[in-house]
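Asks: here is a sequence together with a model predicted from it:
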Amino acid sequence: MVQKAVFLDRDGVINDGSLYYTYTIPDFRINDGVIEGLQLLQENDFILIIITNQSGVAKGIYSLCDVQKVHEYMIQEFHKHDISIAEIYMCPHHPDVFDCDCRKPKTELFEKAVQDLSVDVSRSYMIGDSERDIIAGNKMGLQSLLIEKNENIFPYCQAIVQNKV
């Protein structure tokens with residue numbers, strides 16, 4: 001069964017992206033409108049997928065374990081509100097250290113998600129706060145929405161479910 005999905009960037013969309021690197025639980029703060037927006041999307045049969053670049057791993061600023069702890073915390077917070085994230089896809093690379101195909105604006109992680117989760121790209125969206133998010137989404141054929149860093153995503157989620165994007 002193919003599913004419609006909303007792909008979301010993490011830092012600056014899901015959580016406060018004011019810090020260049022967010023890798024500790026005390027620094028991870030969910031942005032206004034995220035809980036309500038994700039609930040609305042889920043109620044309207046969208047699966048939720050997070051695609052995030054975490055180049056601090058490649059740079060040695062933090063570890064994969066740090067990222068995992070933050071993701072586990074985020075998932076727990078979402079579960080408190082009956083929000084289920086289908087999957088989190090993460091690129092730990094940086095082109096100065098290792099040039100990969102998974103770092104946005106490249107599309108390897110999106111391609112993997114589409115295959116793993118049977119996503120119907122023609123009915124799916126990307127919400128991101130950087131040009132590289134939008135470039136990747138557009139390359140995949142997703143309807144891509146560029147927001148300001150830390151902007152409330154609820155109005156965008158409403159537009160998606162009302163098919164007004």
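Replies: Received it, and whenever you're ready, just let me know what you need.

Asks: stretch 13-30: end-to-end distance?
Replies: 9 Å (C-alpha to C-alpha, to the nearest Å).

Asks: strands of this protein, start to end?
Replies: Per DSSP state E, the chain carries strands over the ranges 5-8, 47-53, 85-91, 125-128, 143-146.

Asks: which residues does the fourth one contact?
Replies: To tie it back to what came earlier, the one meant is strand 125-128. With contacts defined as C-beta atoms under 8 Å, 6 or more residues apart in numbering, strand 125-128 is touched by 5-9, 13, 46, 104, 133-134, 136-137, 140, 142-147, 153, 156, 160, 165. In short, each C-beta sits where N, CA and C put it, glycine included.

Asks: tell me how many other residues crowd the residue nearest to residue 142 when sequence neighbours are not counted.
Replies: Of all residues not flanking residue 142 in the chain, residue 126 sits nearest, at 4.4 Å (C-beta to C-beta, 6 or more residues apart in numbering). Neighbour count for residue 126, taken as other C-beta atoms under 10 Å: 26.

Asks: circling back: could I have the buried ones of the contacts of strand 125-128 as PyMOL selection syntax?
Replies: Buried residues among those (16 or more other C-beta atoms under 10 Å), as a PyMOL selection:
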select buried, resi 5+6+7+8+9+13+46+104+133+134+136+137+140+142+143+144+145+147+153+156+160
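
Asks: please consider this matter closed, and thank you.
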